[in-house]
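# got a predicted structure plus its sequence, pasted below:
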Number of protein chains: 2
Amino acid sequence: MEFELFKFSANIKSDIFLKDPESSQLGSAIISQSINLIYDIGFEEFNFRKLSQQIGTTEATIYRYFENKHKLLLYVTSWYWCWVEYQLVLHNTNIVDYNVRLKNAIKVLTVPHDHQYADINLQNLFNIICSESCKSYLIKNVDDLNKYGVYYNYKKIVAIISDIILKVNPAYKYPHMLVTTVIEGIHHQKYFAEHLPSLTDKTDDPDYLINFYYQLAITAINLK
Amino acid sequence: MEFELFKFSANIKSDIFLKDPESSQLGSAIISQSINLIYDIGFEEFNFRKLSQQIGTTEATIYRYFENKHKLLLYVTSWYWCWVEYQLVLHNTNIVDYNVRLKNAIKVLTVPHDHQYADINLQNLFNIICSESCKSYLIKNVDDLNKYGVYYNYKKIVAIISDIILKVNPAYKYPHMLVTTVIEGIHHQKYFAEHLPSLTDKTDDPDYLINFYYQLAITAINLK
DNA sequence: AGTTTAATGATAGTAATACTATTATTATTG
DNA sequence: CAATAATAATAGTATTACTATCATTAAACT
């Protein structure tokens, strides 16, 4: 009999999938292998035929779980935001200082703490979050999808961190803007550091990103 | 006989195209109509067949100008950065205060000043820059493309504004990071305001974005 | 144990996409 | 007016993004 403090289970809107991938081993394989395959070949080159070959199943079977590869990306990014939510709870329980909470949040958003969770490679996941996650909403049918609540998990993280900001300064006017600027900024800087270094300023300090965005945020928030 | 103070001509790396679209009327139509068509249907739905029908030419002809639709997007985004460079010159000539220069730069990045240039709809262009431009580098072959200098125009804008920042504070450590955070932030906030409003904080003030990012930048830069 | 039900595998097929190739026609240049 | 280049017209191919069908296996119920 196992004893678990937190049982992590992704809380993802059912409109994203046709059949819940958490309901079967094959479903789990679809998610974990998608992450690895998208990491290897990129989302544009990724398709259900290649994925089915990697898993050892058929294209038709994967289509029973997801309508198309875009919905799968939506699932993977939602899973990531669930994971972040879980990490935020872990890192911020019993922390009373909201400045520290904010810094911890930025820390969670900047590095994947662990290497592996169940069969999911968190390093690969974080990598594709940086390079592919914005493709889940930068699409023509974003408004339709949004009606079905498919961006719920991202919005929730933004709301949680916005609330921390408002605890630091209840009069601050732009908490959501600041949060999304920091989140998307982190993703971009990670990507630039790897591929377009002249667009960023990577240093030897492993915490340079955390420090940059924490400084940016905290000074903006405390501006009178 | 026409008299022009500035003759605007895009300075775009020839590796992006097969045949220079500025060299013919058809080429110009390819660019201007691409912008309108991508604006209408989004980059994923956009293809050379639809574009050729809109222009009244054939798919094969467009393929003589561009290898594929991704290169065309690269051309359009590069054209935008050329336009921004031109606007920066226009707005910052004779401005001595570098704080003002920075604010003007952010202004240029936030709103398309004019409505139309030649046959190009600048409103549509700016709109697709916000939603599609990051797809020009968030791709698997980014390193190959980068070797050919296809991101030259974006890098140049980042360098120009970074230099302004360094004039404000020569000791500032992260000028490029700050500039790309602001640029990509502006694009995201514009998009969120239109499609995912709970991720941003749009106000009645038409200058709220300019003010937010100028404040953010200037306080970060002047931090001792 | 045996029957129903559900999930997956195997296979096939279609419409659309992303091109490439070929030849004819028109426009431009020398 | 000839030569050259650009475009139009047409056709064709490989791949992608699915959908459909039916056989097989596994799970669940009685």
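Cool, got the structure.
# residue ranges for the helices of chain A, please.
With DSSP state H as the criterion, chain A has helices at A:25-41, A:48-55, A:59-63, A:69-92, A:98-110, A:122-132, A:142-147, A:152-168, A:175-195, A:208-221.
# most tightly surrounded among those helices?
Greatest average neighbour count among the helices of chain A goes to helix A:175-195 (a mean of 23), per mean count of other CB atoms under 10 Å in any protein chain shown. Glycine gets a C-beta too; all of them are placed from N, C-alpha and C.
# can I get the CA coordinates of that one in PDB?
What follows is helix A:175-195, C-alpha atoms only, in PDB (Å, rounded to 0.1, in the frame of the first residue of the first chain):
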ATOM      1  CA  PRO A 175      -0.900  42.100 -12.800                       C
ATOM      2  CA  HIS A 176      -2.000  39.900 -15.700                       C
ATOM      3  CA  MET A 177       0.000  41.800 -18.300                       C
ATOM      4  CA  LEU A 178       3.100  41.500 -16.100                       C
ATOM      5  CA  VAL A 179       2.600  37.800 -15.500                       C
ATOM      6  CA  THR A 180       2.200  36.900 -19.200                       C
ATOM      7  CA  THR A 181       5.100  39.200 -20.100                       C
ATOM      8  CA  VAL A 182       7.300  37.300 -17.700                       C
ATOM      9  CA  ILE A 183       6.000  33.800 -18.700                       C
ATOM     10  CA  GLU A 184       6.300  34.300 -22.400                       C
ATOM     11  CA  GLY A 185       9.500  36.300 -21.900                       C
ATOM     12  CA  ILE A 186      11.100  33.300 -20.000                       C
ATOM     13  CA  HIS A 187      10.100  31.000 -22.900                       C
ATOM     14  CA  HIS A 188      11.500  33.300 -25.500                       C
ATOM     15  CA  GLN A 189      14.800  34.000 -23.700                       C
ATOM     16  CA  LYS A 190      15.400  30.300 -23.200                       C
ATOM     17  CA  TYR A 191      14.800  29.700 -26.900                       C
ATOM     18  CA  PHE A 192      16.900  32.700 -27.900                       C
ATOM     19  CA  ALA A 193      19.800  31.600 -25.700                       C
ATOM     20  CA  GLU A 194      19.900  28.300 -27.600                       C
ATOM     21  CA  HIS A 195      19.200  29.500 -31.100                       C
END
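# packing partners for that helix?
In terms of contacts (3 or more CB pairs under 8 Å, 6 or more residues apart in numbering or on different chains; DSSP states H and E), helix A:175-195 is packed against helix A:98-110, helix A:122-132, helix A:152-168, helix A:208-221, helix B:142-147, helix B:175-195, helix B:208-221.
# mind putting those helices into CSV with mean pLDDT?
Below are the helices and strands packed on helix A:175-195 laid out as CSV (pLDDT from 0 to 100):
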stretch, mean pLDDT
helix A:98-110, 98
helix A:122-132, 98
helix A:152-168, 98
helix A:208-221, 97
helix B:142-147, 97
helix B:175-195, 98
helix B:208-221, 97
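# center of chain A - which residue?
residue A:80 (3.7 Å; CA atoms, centre = their mean).
# isn't that residue right up against residue A:133?
Yes: with contact defined as CB atoms under 8 Å, residue A:80 counts as touching residue A:133 (7.3 Å).
# columns distance to residue A:201 on top of the helices and strands packed on helix A:175-195, output as JSON lines?
Shown next, in JSON lines, are the helices and strands packed on helix A:175-195 (distance: least, CB to CB, whole Å):
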{"stretch": "helix A:98-110", "distance to residue A:201": "15"}
{"stretch": "helix A:122-132", "distance to residue A:201": "17"}
{"stretch": "helix A:152-168", "distance to residue A:201": "24"}
{"stretch": "helix A:208-221", "distance to residue A:201": "8"}
{"stretch": "helix B:142-147", "distance to residue A:201": "18"}
{"stretch": "helix B:175-195", "distance to residue A:201": "5"}
{"stretch": "helix B:208-221", "distance to residue A:201": "12"}
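# distance of residue A:136 relative to DNA strand D?
14 Å (CB to the nearest atom of the strand, to the nearest Å).
# next: residue A:113.
For residue A:113 relative to DNA strand D (CB to the nearest atom of the strand), the value is 33 Å.
# residues of chain A that sit close to DNA strand C?
A:19, A:24, A:25, A:26, A:27, A:56, A:57, A:58, A:59, A:60, A:61, A:64 (CB under 7 Å from any atom of the strand).
# mind running it again at 6 Å?
With CB under 6 Å from any atom of the strand as the criterion, chain A comes near DNA strand C at residues A:24, A:26, A:57, A:58, A:60, A:61, A:64.
# for residue A:162, which non-adjacent residue is spatially closest?
Spatial nearest neighbour of residue A:162, excluding adjacent residues (CB to CB, 6 or more residues apart in numbering or on different chains): residue A:175 at 3.7 Å.
# before we move on, what about residue A:10?
That would be residue A:82: by CB to CB, 6+ apart, it lies 4.3 Å from residue A:10.
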